[in-house]
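>>> Got a sequence here, can you model it:
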Amino acid sequence: MSVDGVTAQNGLTTYYDRETEIARLMLSQSTKKIIVADASKIGRTAFVNIADSSKADYLITEHAAADKDELDKLKKKIRRIVTVRA
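Model (predicted):
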């Protein structure tokens, strides 16, 4: 699932309130919750909260994620963070 923002404090967020209920349903029905967010989304909070970041099993982002402090905080909440070279 793709999101517009990911933070340890504000969780998984989006700018589109119409997507929120569908995203919540997808998370509740999934056995593995994989969040994909490019580096610009790490540390960003969008308008609408989808769920706490601890609901994600995996976060996949770019190796060059700008906000290393936020990634460290997210490591305490998300089972596994995978970084890839873009």
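>>> Go ahead and report the secondary structure state at residue 23.
At residue 23 the chain is in helix, as set by DSSP: H, G, I helix; E, B strand; the rest coil.
>>> For it, give me its contacts.
1, 3, 12, 14, 50, 51 (Cβ atoms under 8 Å, 6 or more residues apart in numbering). All C-beta spots, glycine's among them, are computed from the backbone N, C-alpha and C.
>>> cool, residue 5 as well?
Residues in contact with residue 5, defined by Cβ under 8 Å, 6+ apart, are 12, 13, 14, 37, 41, 43, 44, 45, 46.
>>> Quickly list what it is bridged to.
The partner list for residue 5 in beta bridges (DSSP bridges) reads residue 13.
>>> per-residue confidence for it?
In the prediction, the pLDDT value recorded for residue 5 is 97.
>>> go on, residue 85?
85.
>>> So in terms of bridging, what pairs with the residue lying closest to residue 2 once chain neighbours are set aside?
Closest residue to residue 2 in three dimensions, ignoring its sequence neighbours and counting by Cβ to Cβ, 6 or more residues apart in numbering: residue 36, at 5.3 Å. Beta-bridge partners for residue 36, by DSSP bridges, are residue 2, residue 60.
>>> what's residue 36 in contact with, if anything?
Taking Cβ under 8 Å, 6+ apart as the contact definition, residue 36 lies against 1, 2, 60, 61.
>>> List just the nearest of those to residue 83.
When those are compared for distance to residue 83 (Cβ to Cβ), residue 61 comes out closest, at 5.9 Å.
>>> Check what pLDDT the closest one gets.
At residue 61 the predicted local distance difference test score is 93.
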